[in-house]
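[1] structure, please.
(one chain, ligands or ions: 1)
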Amino acid sequence: MGEISGEELTKLEKMQVMGAREEKILVLVRLRPLSEKEVVANEVADWECINDTTILYRNSLREGSLFPSAYTFDRVFRGDCSTRQVHEEGTKQIALSVVSGINSSIFAYGQTSSGKTYTMNGITEQTVADIFDYINKHEERAFVLKFSAIEIYNEAIRDLLSSDNTPLRLRDDPERGTIVEKVMEETLRDWNHFNDLVSICEAQRQIGETSLNERSSRSHQILRLTVESSAREFLGKDNSTTLAASVNFVDLAGSERASQSLSAGTRLKEGCHINRSLLTLGTVIRKLSKGRNGHINYRDSKLTRILQPALGGNARTAIICTLSPARSHVEQTRNTLLFACCAKEVTTKAQVNVVMSDKALVKHLQKELARLENELRCPATASSNCDYAALLRKKDLQIEKMGKEIRELTKQRDLAQSRVEDLLRLVGDDRDTRKPVPEETWDDDCSELESSLVDSAGRNVKDVALDPMQESVGDSTDWPVEFARLQKRIIELWQACNVPLIHRTYFFLLFRGDPTDSIYMEVELRRLTFMKEMFADGGQAVANGRTITLASSLKALQREREKLSRLMRRRFSEEARERLFEKWGIGLGTKRRRLQLANRLWSEIEDMDHVMESASIIAKLVRFTEQGHALKGMLGLSFSTPPSRRRSFGWKNSMASLL
Ligand SMILES: Nc1ncnc2c1ncn2[C@@H]1O[C@H](COP(=O)(O)OP(=O)(O)OP(=O)(O)O)[C@@H](O)[C@H]1O
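    Model (predicted):
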């Protein structure tokens, strides 16, 4: 086992090789028996599981018909079912996906005292026992298990394996999504070690007292087990690959209203936070249940940020909704069932997560590239009867895919640059805000903008491509139609995000509908969607000490227009300028005509003639036409161009060393 250390794994390149598997969240309902306290209080059990999938409210006649009396889920468990049965017949298959490299999450949701902790403790224990059992039966693979545990209490994250109470921070990692910074991760030695760690967590978890449940857990708890495995046969060899995935066990705090647990003082404060997190969880689930359209507010609470992959992302998910059968809890029970009904409409897209070693990945890509290039050169040998154009098209698409993979690899090698920095660079460089730049330096500005374009296209492929919530280019076979759709969407987003006009112009003129352009279109679309979301979310970011907001990008855009207007005097003769003013309806007697024209460029984005004309003017101003072809080559996927002839950028140098 020691051969694949955690450190070693961080050096490996991660790749998702299999197509995503889309499936609905598995929703289970578990009814607990009446508690002793409820029996003593002469409570009546009003809920009954009438078969394996349906739960019935038996008191509906007395209550009238305002609510449905029967609810159907993937599986319902009666009060006398054991947790083992819930695991075996409900969660086991999903939880155990983790050994095959598929992320999974098991949640317990329900009001206080309904049995969440009781259920999750058992499910966690049995899953870990199953994993150890699996490991014992698969000696041909070497496994590493890592365990971490956090709680979210009053919207502060605490490490349950550490006695340090300092709240942990969340960070958006371009590679791994939202991560909890500095969380302790213990490598599990054996079953006893696991039990020791769980005991530490239990002791650390905040326990409060409410009138509903004397040992009510007031925090959300997330236990995470990461499983990595490699075939022993290939360990340490060039072609070694590792499966890596995590399973989350999530025991949520009670979903009841703060008022209902007769909370006061500290308890009331807790209740508000708990409700805020659960409210966001409810909103996210409700929105997702209606499809993925529109903004999903994952970022509104720590809980949903951390659990984003489990809620519609790269994971298999099961939610166990726990219920008390007591009549006095009917309102909360219905709320829980409503949540469960929404949850069963939500789909996730799990993938097998394969980690490849540097060498294995490069070797694989080189081989594949050579094969594709060979087939392109000699199509007849590839298939004598098939349609040559169709073959070319297929190969083009494959090459695009390969290019994407290669750039993913280079991205890994350049972790120093974060996605936000890349985005900020594109929004515009406002280092020159304090002193105006003389016209003589304009060409430098252009090349700087040009570099940022190349840089962003080269570096952002993987992080944007991995975001499951982003819009995707899809597999449309009708490329011209798809191209027009993407182009329109990108132009709209440029406008919405105040993207510099030179960037728009370069991009617009370079990518004119060639099928191999699709990868750039995809990157651009996703990058812009992310940027728009960032702005929409309140939107500011800091890079190199500079803050960029929607407002500052607008200012930068205005400065760019002013620079362009100054450049018109240098690049166009007076006669040419006058022709342009006339064409653009700018009165020759009016003031600041050049600025008027600059202000109109790229302003009517619905009109493609206007867009084309704007791009053509800017291209002349920045002498883009002379550099166009070279620039496209520099964007990184021109396989036929020897690396030495390309302009040199950091990430491309590292690429050259790989190939
Ligand atoms: N299915 C069950 N069978 C028997 N007893 C159960 C069952 N579910 C829960 N209980 C008991 O009910 C009580 C409350 O359960 P538990 O603490 O798990 O509730 P909870 O939903 O986690 O509450 P809280 O949100 O306040 O933490 C415990 O004493 C537990 O042993």
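[2] how far does stretch 302-313 stretch from start to finish?
    16 Å (C-alpha to C-alpha, to the nearest Å).
[3] what's in contact with that stretch?
    Residues from elsewhere that reach stretch 302-313, judged by C-beta atoms under 8 Å, 6 or more residues apart in numbering: 103, 105, 107, 150, 152, 155, 157, 170, 177-178, 180, 220, 222, 248, 250, 252, 277-278, 280-281, 284-285, 288, 292, 296-299, 315, 317, 346-349, 468-469. All C-beta atoms are positioned from the backbone trio N, CA, C, and that covers glycine.
[4] please pick the buried ones from those residues.
    103, 105, 107, 150, 152, 157, 177-178, 180, 220, 222, 248, 250, 252, 277-278, 280-281, 284-285, 288, 296, 298-299, 315, 317, 346, 348-349, 468-469 (16 or more other C-beta atoms under 10 Å).
[5] check which helix or strand covers R526.
    helix 518-536 (DSSP states H and E).
[6] average model confidence for that helix?
    For helix 518-536, mean pLDDT rounds to 77.
[7] so which elements touch it?
    In terms of contacts (3 or more C-beta pairs under 8 Å, 6 or more residues apart in numbering; DSSP states H and E), helix 518-536 is packed against helix 388-412, helix 419-427, helix 442-459, helix 461-466, helix 479-496, helix 501-510.
[8] for the residue in the chain positioned nearest to the ligand, grab the count of nearby residues.
    Taking C-beta to the nearest ligand atom as the measure, the chain has G115 as its residue closest to the ligand, at 2.7 Å. Neighbourhood size, G115 [other C-beta atoms under 10 Å]: 21.
[9] OK, contacts around it?
    Here G115 is in contact with R30, R32, A108, T322, S324 (criterion: C-beta under 8 Å, 6+ apart).
[10] tell me which parts of the stretch 1-150 of the chain are close to the ligand?
    By C-beta under 6 Å from any ligand atom, the residues of the stretch 1-150 of the chain that approach the ligand are R32, P33, S35, G110, T112, S113, S114, G115, K116, T117, Y118.
[11] would you confirm that the first one contacts A326?
    No: when contacts are counted by C-beta atoms under 8 Å, R32 is not listed as touching A326 (9.6 Å).
[12] for the helix holding R526, which positions count as buried?
    Buried-residue list, helix 518-536, by 16+ other C-beta under 10 Å: 518-535.
[13] also stretch 560-577?
    Neighbour-count burial for stretch 560-577 [16+ other C-beta under 10 Å]: E560, R561, E562, K563, L564, S565, R566, L567, M568, F572, R577.
[14] look up the closest residue to E604, ignoring the ones flanking it.
    Distances taken as C-beta to C-beta, 6 or more residues apart in numbering place H610 nearest to E604, at 4.4 Å, with adjacent residues excluded.
[15] that neighbour is in contact with I617, isn't it?
    No: applying C-beta under 8 Å, one finds H610 not in contact with I617, separated by 10.7 Å.
[16] what's across from T549 in the sheet?
    Q540 (DSSP bridges).
[17] begin at 532 from here
    Okay, residue one is now 532; in that scheme the one you just asked about reads as T1080.
[18] is it in contact with F1066, as I believe?
    Yes: using C-beta under 8 Å, T1080 is in contact with F1066, at 7.2 Å.
[19] distance of Q642 from N905?
    64 Å (C-beta to C-beta, to the nearest Å).
[20] tell me the domain ranges of this structure?
    As assigned by automatic domain parsing, the chain contains the domains 537-705+713-885, 888-933, 948-1184.
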